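J.: coordinates only, sequence not included:
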């Protein structure tokens, strides 16, 4: 974490499969860095939108004039744009965030590793029956992205569930 804080404007990508603990980690890390937090869950344009969100990160979130466009899940349509402060640190979390192109524009990449049965149980516990019919469809996109982009190999740090818990607890004790 020391190298993250030493950057002039830290930009951290946190990737991993659905239910791995990315959001938990990002929610603890962003305030510790004084960072803006962008969650790809707010950007994915529907259940087939992993690739489109990855592209939005590269084209808009990591640009000189950073911003992101929210996806309205109820209307199934693009919604308002959100501007980001280009001088403030940034944490971007979500499946599909740690691509080659995005990693080249970021300070630090984190991959959160957890087995699929545990991730699925967590995701379904978190999102209930809303997510259940889409799990296989979403997991296929995650697997295709991982095969092509190899995010765990692009990461500066690979964390497991115990690592995430230790970091989150450590950051909580600092506040």
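T.: Nice, thanks for sending it over. All figures in this text were calculated on a predicted structure; none of them were measured in a lab. Numbering: from 1, shown residues only.
J.: Residue 137 reaches residue 49, doesn't it?
T.: No. Residue 137 is beyond contact range of residue 49, at 10.9 Å (criterion: CB atoms under 8 Å). Just so you know, the C-beta spots here come from the backbone N, C-alpha and C atoms, and that holds for glycine as well.
J.: between those two, who's got more neighbours?
T.: More neighbours surround residue 49 than the other of residue 137 and residue 49, with 18 against 10 (other CB atoms under 10 Å).
J.: Which parts of the protein are strands?
T.: Under the criterion DSSP state E, the chain contains strands at 11-16, 36-39, 67-72, 77-83, 90-93, 108-112, 157-159.
J.: So for residue 165, which of these sits nearest?
T.: Among these, the nearest to residue 165 by CB to CB is strand 157-159 (9.6 Å).
J.: And the closest one, what does it pack against?
T.: In terms of contacts (3 or more CB pairs under 8 Å, 6 or more residues apart in numbering; DSSP states H and E), strand 157-159 is packed against strand 108-112.
J.: which regions of the chain sit below the pLDDT cut-off?
T.: Flagging of the chain using pLDDT under 70 yields the residue ranges 1-7, 175.
J.: so where do the helices sit in it?
T.: For the chain, applying DSSP state H gives helices covering 2-6, 22-33, 50-56, 100-105, 116-127, 135-149, 151-154, 161-174.
J.: Return the distance of residue 13 relative to residue 172.
T.: Residue 13 sits 22 Å away from residue 172, going by CB to CB, to the nearest Å.
J.: Looking at those two, which is more packed in?
T.: Taking neighbours as other CB under 10 Å, residue 13 and residue 172 compare with residue 13 leading, 31 against 10.
J.: Thought residue 92 was touching that one, still the case?
T.: Yes. Counting by CB under 8 Å, residue 92 is a contact partner of residue 13 at 5.3 Å.
J.: residues shared between the contacts of these two?
T.: Both residue 13 and residue 92 are in contact with 102, 106, where contact means CB atoms under 8 Å, 6 or more residues apart in numbering.
J.: Give the bridge partners for residue 109, please.
T.: Bridge pairing for residue 109 (DSSP bridges) gives the partners residue 13.
J.: which residues does it contact?
T.: For residue 109, the contact set (CB under 8 Å, 6+ apart) comprises 12-13, 15, 98, 103, 151, 154-157.
J.: Mind picking the one among those that's closest to residue 114?
T.: residue 15 (12.2 Å).
J.: Appreciated, that's everything.
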